[in-house]
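> below is the sequence, then the predicted model.
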Amino acid sequence: MPFVRFIVYGVAKTFSKVFGLATMAFFGRMPSRDDDKMAAVGLLSITWVPVVAAIPFPAIGEMIIPFAPDDESVVRMIALAIAIVIPLCVGVAVNRMHNNQGSRSRSLPQHLLHGFWYTPVVGLAVCGVILVVPFVKTSYILKRFTVQRMMVMIPEGTYDAALEHIVDGLRRRGLDVEVTDPERSIKLMFRVLGFVLGHIFCRDVADRMKAIRGHDADGGWFEVTVHATDLSVIGKQKPACRVLAVIAEELDERVVYFTWDDASQHLEDRMREVRRQLEDGEDPDLDEVRQLGEDLAALELDKEEWNNVRRNLYRLERDAYAYAAGLPDPAEETERVQERMAAGQQADASGEDADREAGTDGEPDEDAAEDAGREADAGARTV
């Protein structure tokens, strides 16, 4: 079993690397505790497509089924049996996932039944992604763009708020951005994948997809794809890393979840409630803030999930204790300092422009001084 798991996981990760620009939800952007199971679901679903094709076309079965006999009727029967078994295996894999074990989870028979529509939908959608994305994103591949990602979960009904939050955060950091629609074919396939993903994990996730395009301070082009389960930044290495760092600093628990299971999302809901208290001018519950840190330490999260939640909890602790001590809001103080620095830089630039227009550039004009000295010497000799 460990060897089979290694093979399945390695193949799925290879697909994820090759087609990284696709941001394929079923190949690498799942919670780490379910990553191998989702990889198996994706691989089984893709395998199911040619198996079904082998039923009317036995020649395909002879190529994909090991030790297939020469009898076409037997090949059809084998392909039909495999086509029935694969959805059952998908249902078992989904049933064993950690992040659908909450109050909204389903029973094993329900998962087995749902496997018969998970499999064709996921298989056809991922095959479409594999075939379409490399052609649509050919220019990105030729330019050797990299992909930087942040795992999130945007609940249904909060997508617009999350998108606006990300755009405002980028603009506050001086980035010129605009919101656009991604290619229609990619958008359609990922809406389907997002729907299936929400159903598998018993979560009401948003099924929308938008792209944010712009340039960083050095003119480097980038594109942020905002998907229900993933934030992806595409561009050259330097601007892509910069933009992802800005998003990580600006994005917080008010608009997205950074985790998937019920216990950790409940903790994020509690963080959101403390944040609401601060925004409404209420005294925050400092005991609750301290308890949040203790509860976070007890959760089983992967490194990325823990880092995202811990970063936002640090901010919440900072703001809550500052408010309780009667200190100025740290975020507002930071904005005021940035505004003063920007005003000072603008004033310095204006002063330099004025000096250049005056011809002095803020320093004595050496040529004029030399001319004045020569005139004075000439006058002295004349006398």
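Yep, it's here.
> from here on, contacts and neighbour counts on C-alpha atoms
Will do.
> pLDDT below threshold where in the stretch 51-200 of the chain?
Low-confidence regions of the stretch 51-200 of the chain, defined by pLDDT under 70, span residues 99-105, 134.
> show me where the protein has helices.
In the chain, the segments counted as helices under DSSP state H are 2-18, 35-53, 58-64, 72-95, 108-136, 138-142, 159-172, 184-200, 237-250, 262-279, 286-298, 303-324, 330-358, 366-382.
> go through these and pick out the most buried.
Stretch with highest mean neighbour count among the helices of the chain: helix 35-53 (a mean of 22; mean count of other CA atoms under 10 Å).
> just to revisit the earlier point, would you reformat the helices of the chain as CSV and include distance to M150?
Listed next are the helices of the chain as CSV, based on distance: least, CA to CA, whole Å:
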stretch, distance to M150
helix 2-18, 15
helix 35-53, 15
helix 58-64, 37
helix 72-95, 23
helix 108-136, 20
helix 138-142, 20
helix 159-172, 13
helix 184-200, 16
helix 237-250, 8
helix 262-279, 17
helix 286-298, 20
helix 303-324, 8
helix 330-358, 23
helix 366-382, 57
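> looking at these, which is nearest to Q148?
helix 237-250 (6.4 Å; CA to CA).
> from the contact counts, what lies against the closest one?
Other helices and strands packing on helix 237-250, by 3 or more CA pairs under 8 Å, 6 or more residues apart in numbering; DSSP states H and E, are strand 146-151, helix 159-172, strand 221-227, strand 230-235.
> the inter-axis angle of that helix versus strand 221-227?
Computed by axes from the mean of the first three to the mean of the last three CA atoms, to 10 degrees, the angle separating helix 237-250 from strand 221-227 equals 50 degrees.
> got the angle for helix 237-250 vs strand 230-235?
150 degrees.
> what does helix 237-250 contact?
Contacting residues not belonging to helix 237-250 are listed as 145-150, 166, 169-170, 173, 216, 220-222, 233-234, 308 [CA atoms under 8 Å, 6 or more residues apart in numbering].
> look up how far P69 lies from the closest residue to L231 other than its chain neighbours.
Once flanking residues are discounted, L231 sits nearest to M150: 5.1 Å by CA to CA, 6 or more residues apart in numbering. Counting by CA to CA, to the nearest Å, the gap from M150 to P69 is 48 Å.
> okay, these two: which has more neighbours?
A side-by-side neighbour count of M150 and P69, using other CA atoms under 10 Å, places M150 first with 18 against 13.
> what residues are up against the most centrally placed residue in the chain?
In the chain, the residue lying closest to the centroid (CA atoms, centre = their mean) is L231, at 1.8 Å. Going by CA under 8 Å, 6+ apart, L231 touches R149, M150, M151, V152, V224, T225.
> need the per-residue pLDDT for it.
With respect to pLDDT, L231 scores 88.
> so it bridges to which residues?
Counting by DSSP bridges, L231 forms beta bridges with M150, V226.
> quick one: it and W306, what's the gap?
Counting by CA to CA, the gap from L231 to W306 is 17 Å.
> quick check: A83 vs A39, distance?
From A83 across to A39, the span is 18 Å (CA to CA).
> hmm, back to that, dump the helices and strands packed on helix 237-250 into TSV; add distance to E183 as well.
Below are those laid out as TSV (distance: least, CA to CA, whole Å):
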stretch	distance to E183
strand 146-151	17
helix 159-172	18
strand 221-227	11
strand 230-235	15
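> quick one, which of these gets closest to D261.
Distance to D261, taken as CA to CA, is lowest for strand 146-151 among the helices and strands packed on helix 237-250, at 13.5 Å.
> which strands and helices lie in contact with the closest one?
strand 230-235, helix 237-250.
> so how far is the shortest one off the chain centroid?
Relative to its parent chain, strand 230-235 has a centroid offset of 6 Å by CA atoms, centre = their mean, to the nearest Å.
> what do you get for the last one?
The chain centre lies 11 Å from the centre of helix 237-250; the measure is CA atoms, centre = their mean.
> check the burial of the residue nearest to S264 when sequence neighbours are not counted by counting its neighbours.
Take S264 and drop its neighbours on the chain: the residue closest to it by CA to CA, 6+ apart is L299, 6.9 Å away. Neighbourhood size, L299 [other CA under 10 Å]: 12.
> so L299 makes contact with H266?
No - with contact defined as CA atoms under 8 Å, L299 does not count as touching H266 (11.2 Å).
> and the helices and strands packed on strand 146-151, which one is worst for confidence?
Ranked by mean pLDDT, the helices and strands packed on strand 146-151 bottom out at strand 230-235, with a mean of 88.
> could you export it as CSV, CA atoms only?
Extracted C-alpha coordinates of strand 230-235, given in CSV (Å, rounded to 0.1, in the frame of the first residue of the first chain):
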residue,chain,number,x,y,z
ASP,A,230,-6.9,29.1,-4.2
LEU,A,231,-5.2,32.4,-4.7
SER,A,232,-2.6,32.2,-7.5
VAL,A,233,-0.1,34.8,-8.6
ILE,A,234,1.3,34.4,-12.1
GLY,A,235,4.3,36.4,-13.3
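> specify the angle between it and strand 146-151 in degrees.
Our comparison of strand 230-235 with strand 146-151, counting by the same axes, to 10 degrees, yields an angle of 160 degrees.
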